[in-house]
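J.: no sequence on this one, just coordinates:
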C-alpha cells in the first residue's frame, strides 16, 4: 500500500508502506476520502505542538471496513464508516462522563505513534467508527470530521437564546459553522471574511450577509447573541467584544499563536459567556452526517480540490510553503 510521509526536513511524498494487520478490538479501513486541514500543514512546517515529522499525517477520513481484528463485535467487512480520530483511555473521569475528547491521555490519528489517513489503509479502534448513511458519497466521507468540529462549537451555545449570530472567518470551519447554525434554525447568520471569492460559497451555506473586515454596520444597530471566532487572528477578539449583545456568548474556535487581552470588566458587567471549544464527540459526528445527508451540496461547495495521493502530496507541499491560495478544502481519494 501507499501513504504520504511527512519528512523532518519539511517535505511530503508518497512512500510504500506495509499492509496493516488489525489488533484486538481494531479495524482496518480502506480510505475512500481523507481531508487536509491546517494542522497537517502546521505539522509539515514543524510548527505543530504534537504532530512531529516523520509521520503519516491525516485525521479527517472515511471509507469501507477492509479487515477486522479479534474482539470486534459490531462491525463487518464492507461497512461504510467515518472515523472519530481520537484514541482515549476510556477510564478517566472525562471519558466516563462522555467527555472523552478531553481525556488527558488522548492521542490523535496522524501522529508518529499512530499512522494517519493519508494512505490506502488506516487502522483504528472499533469504537472510533460511526456508520455512514447511504446518501453520503464515499468520496465525501472525510468531511464529517470538519463538520463535527463546527457542530461541537455550535452545540456549546444555547440556541434558544440566539436570534442573531456572527461568524468571524469564513474559511472551512467558519463556513461550516454557518451551515450548522442555519440548519438549526438561527434566523440571521452574518459572516466576516476578507477573501471575496468565498462570498458565493458562504451565501450558499446560508449566510444572511457576508462582509469584508471593517464593513459591518454600526454597532449601535447590529449586536449579536452569539459570535464564533473562526480565524486565527487575535484582533478578532476586539471585534467580538464590540459586537456581542448583553448576555451573549462568544465561542473561541480558532487557535491563536499569540495571546490577546480580554476586556474582563465588559465580560463581567454585560454577563458575557466566553467559551472555548475543542474537537468533538460521537454525537457531533452523527449530527455532521445528518447535515451532509440533508444538504448534499455542502460537499460540493466546500471541496475545491479532489485528487490522488500523489497530486495531493504536491499540493500539500505547495500549501505549506506558499499558503492555501484558492484552495478552500483539499480532499484526497486514495
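T.: Cool, the structure landed. Predicted, not measured: the structure shown is a model, and the values here were computed from it. Numbers count the residues shown, from 1 in each chain.
J.: Quick one: end-to-end length of stretch 94-112, please.
T.: Terminal residues of stretch 94-112 lie 25 Å apart, using C-alpha to C-alpha, to the nearest Å.
J.: got the buried residues for that stretch?
T.: By neighbour count on 16 or more other C-beta atoms under 10 Å, the buried set for stretch 94-112 is 94-95, 100-101, 103, 106, 108-112. All C-beta atoms are positioned from the backbone trio N, CA, C, and that covers glycine.
J.: The helix or strand containing residue 27: which residues count as buried?
T.: Here residue 27 sits within strand 26-36, counting by DSSP states H and E. For strand 26-36, a neighbour-count test (16+ other C-beta under 10 Å) marks 26-36 as buried.
J.: can you put the residues you listed in TSV and add distance to residue 141?
T.: TSV is the format used below for the buried residues of strand 26-36 (distance: C-beta to C-beta, whole Å):
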residue	distance to residue 141
26	19
27	15
28	16
29	10
30	11
31	9
32	6
33	5
34	9
35	9
36	15
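J.: And the helices in the stretch 151-300 of the chain?
T.: In the stretch 151-300 of the chain, the segments counted as helices under DSSP state H, counting those that start in this stretch are 172-183, 199-204, 236-243, 264-269, 282-294, 297-302.
J.: Would you point to the one among those that's packed deepest?
T.: helix 172-183 (a mean of 26; mean count of other C-beta atoms under 10 Å).
J.: Can you name every helix or strand that that helix contacts?
T.: Judged by 3 or more C-beta pairs under 8 Å, 6 or more residues apart in numbering; DSSP states H and E, helix 172-183 is in contact with helix 144-155, strand 164-168, strand 188-192, helix 199-204, helix 282-294, helix 297-302.
J.: closest one to residue 18 among the ones you listed?
T.: Minimum separation from residue 18 across the helices and strands packed on helix 172-183 (C-beta to C-beta) falls at helix 144-155, 25.5 Å.
J.: What's the mean pLDDT across the closest one?
T.: The predicted model assigns helix 144-155 a mean pLDDT of 98.
J.: Tell me the helices and strands packed up against that helix.
T.: Applying 3+ C-beta pairs under 8 Å, 6+ apart, one finds that helix 144-155 contacts strand 60-68, strand 80-83, helix 172-183, helix 282-294.
J.: so can I have a markdown table of the ones you listed showing distance to residue 201 and mean pLDDT?
T.: Output for these, formatted as a markdown table (distance: least, C-beta to C-beta, whole Å; pLDDT from 0 to 100):
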| stretch | distance to residue 201 | mean pLDDT |
| --- | --- | --- |
| strand 60-68 | 18 | 98 |
| strand 80-83 | 22 | 98 |
| helix 172-183 | 6 | 97 |
| helix 282-294 | 16 | 97 |
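J.: Redo these as JSON lines? Include distance to residue 14.
T.: Formatted as JSON lines, the helices and strands packed on helix 144-155 follow (distance: least, C-beta to C-beta, whole Å):
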{"stretch": "strand 60-68", "distance to residue 14": "17"}
{"stretch": "strand 80-83", "distance to residue 14": "21"}
{"stretch": "helix 172-183", "distance to residue 14": "24"}
{"stretch": "helix 282-294", "distance to residue 14": "28"}
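J.: got JSON lines for the helices and strands packed on helix 172-183, with distance to residue 127 too?
T.: Supplementary listing: the helices and strands packed on helix 172-183 in JSON lines, determined by distance: least, C-beta to C-beta, whole Å:
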{"stretch": "helix 144-155", "distance to residue 127": "16"}
{"stretch": "strand 164-168", "distance to residue 127": "32"}
{"stretch": "strand 188-192", "distance to residue 127": "34"}
{"stretch": "helix 199-204", "distance to residue 127": "34"}
{"stretch": "helix 282-294", "distance to residue 127": "9"}
{"stretch": "helix 297-302", "distance to residue 127": "26"}
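J.: from memory residue 307 sits against residue 330, does it?
T.: Yes. The pair residue 307 / residue 330 is scored as a contact, 7.3 Å apart, by C-beta atoms under 8 Å.
J.: Now do the shared contacts for those two.
T.: Taking C-beta atoms under 8 Å, 6 or more residues apart in numbering as the contact rule, residue 307 and residue 330 both touch residue 315.
J.: The two: which is more packed in?
T.: residue 330 (23 against 14; other C-beta atoms under 10 Å).
J.: who's in contact with the more buried one?
T.: 35-36, 303-307, 312, 315-316, 319.
J.: about what we covered before: neighbouring strands - and their directions - for the strand holding residue 27?
T.: Paired neighbours of strand 26-36 in the sheet (DSSP bridges): strand 60-68 (antiparallel), strand 121-125 (antiparallel), strand 330-332 (antiparallel).
J.: Do I have it right that residue 207 meets residue 178?
T.: Yes. Assessed by C-beta under 8 Å, residue 207 is found in contact with residue 178 at 5.2 Å.
J.: Need the residues touching each of the two.
T.: With contacts defined as C-beta under 8 Å, 6+ apart, the residues shared by residue 207 and residue 178 are 167, 170, 189, 191.
J.: May I ask which two of those residues are separated the most?
T.: 170 and 189 (10.8 Å).
J.: Need the residues touching each of the two.
T.: In terms of C-beta under 8 Å, 6+ apart, residue 170 and residue 189 are both contacted by the residues 178, 207.
J.: Much appreciated, bye for now.
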